[in-house]
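S.K.: Any chance you could fold what I've pasted below:
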Amino acid sequence: MTKLLFTSLLLLCATISTAAAAAAPANPRSSAAAAAAASFIKSSCSATTYPALCVQSLLSYAPTIQRSPKQLAQAALAVSLSRAQSTRSYVRALARFDGLRPREKAAIRDCVEEIGDTVDRLGKSIREMKAMGEKRSGPRFEWHFGNVATWVSAALTDANTCVDGFAGKALNGRMKSGIKARFTNAAQFISNALALVNKYGGH
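M.R.: Below is the predicted model of the structure:
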């Protein structure tokens, strides 16, 4: 009986502690920092071609980004890489379908190659960003920045090339629209990332 009462008291105390923690007001300093980070992201995204997509994709990174242009650009590159990798998996799966006609196989094979290049270049860009350091001036910075800007721009071109390459090719409607939608979406993410990279570099 005593043991049961003791156990009940422990459970009651734990419940009260949990309720108190849930009811406790948020740290004002933490809330202010979160609001400042969100405001920074929204303001920065206004300079991109797809600002709504930019904000939606980056707000979850606000605790890491805070108000750092470099962290913002790195986060944009990371979400672009993730979207490109997803697109690559999609077209690789399509390439394995039975019953594809030769022209369909050729078109999809071209897209697999192009999105593979996109993934490689975005990955290189992320690694290059990390090697830039914090000082945004001088020959070393300009060299690293030039590499990143070139690779992200080329990644965007690769993604758009697949979409443009469908003109006149004999792909069935559902397959064609599915591939175009994936690549167009990936290109939008990359376009935003490029804008934020250029903003970070002062270009």
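
S.K.: Check which helices and strands whichever strand or helix holds residue 175 is in contact with.
M.R.: Assignment of secondary structure by DSSP states H and E places residue 175 within helix 173-201. Other helices and strands packing on helix 173-201, by 3 or more C-beta pairs under 8 Å, 6 or more residues apart in numbering; DSSP states H and E, are helix 28-45, helix 51-58, helix 69-95, helix 102-130, helix 138-164. Every C-beta, even on glycine, is put in place using the N, C-alpha and C of the backbone.

S.K.: For it, buried residues please.
M.R.: Neighbour counts over helix 173-201 (16 or more other C-beta atoms under 10 Å) mark 175, 179-180, 182-183, 185-201 as buried.

S.K.: Straight-line length of stretch 36-56, end to end?
M.R.: End-to-end distance for stretch 36-56, by C-alpha to C-alpha, to the nearest Å: 16 Å.

S.K.: State the mean pLDDT of that stretch.
M.R.: Here stretch 36-56 scores 96 as its mean pLDDT.

S.K.: likewise stretch 122-141?
M.R.: Here stretch 122-141 scores 87 as its mean pLDDT.

S.K.: Stretch 82-95 now?
M.R.: When pLDDT is averaged over stretch 82-95, the result is 94.

S.K.: Find the residue at the geometric middle of the protein.
M.R.: With distances taken as C-alpha atoms, centre = their mean, the residue of the chain nearest its centroid is residue 79 (1.0 Å).

S.K.: follow-up on the earlier one: let me know the angle separating the helix holding residue 175 from helix 138-164.
M.R.: Counting by axes from the mean of the first three to the mean of the last three C-alpha atoms, to 10 degrees, helix 173-201 points 170 degrees away from the direction of helix 138-164.

S.K.: State the number of residues packed around residue 133.
M.R.: As a burial measure, residue 133 scores 11 neighbours (other C-beta atoms under 10 Å).

S.K.: correction: residue 128
M.R.: Residue 128 sits with 20 neighbouring residues when counted by other C-beta under 10 Å.

S.K.: Going forward, the N-terminal residue is numbered 58.
M.R.: Okay, using 58 as the starting number, the last item reads as residue 185.

S.K.: where does it sit relative to residue 159, distance-wise?
M.R.: The spacing between residue 185 and residue 159, counted by C-beta to C-beta, to the nearest Å, is 39 Å.

S.K.: ditto for residue 121
M.R.: 47 Å.

S.K.: go on, residue 141?
M.R.: 27 Å.

S.K.: more neighbours, the two?
M.R.: residue 141 (28 against 8).

S.K.: dump the residue contacts of residue 235.
M.R.: By C-beta atoms under 8 Å, 6 or more residues apart in numbering, the contact list for residue 235 reads 147, 151.

S.K.: Sorry, wrong one. I was asking about residue 102.
M.R.: Residue 102 sits next to 108, 111, 112, 115, 249, 253 when contact means C-beta under 8 Å, 6+ apart.

S.K.: and which of those residues is nearest residue 147?
M.R.: Closest approach between the contacts of residue 102 and residue 147, by C-beta to C-beta: residue 249, at 20.3 Å.
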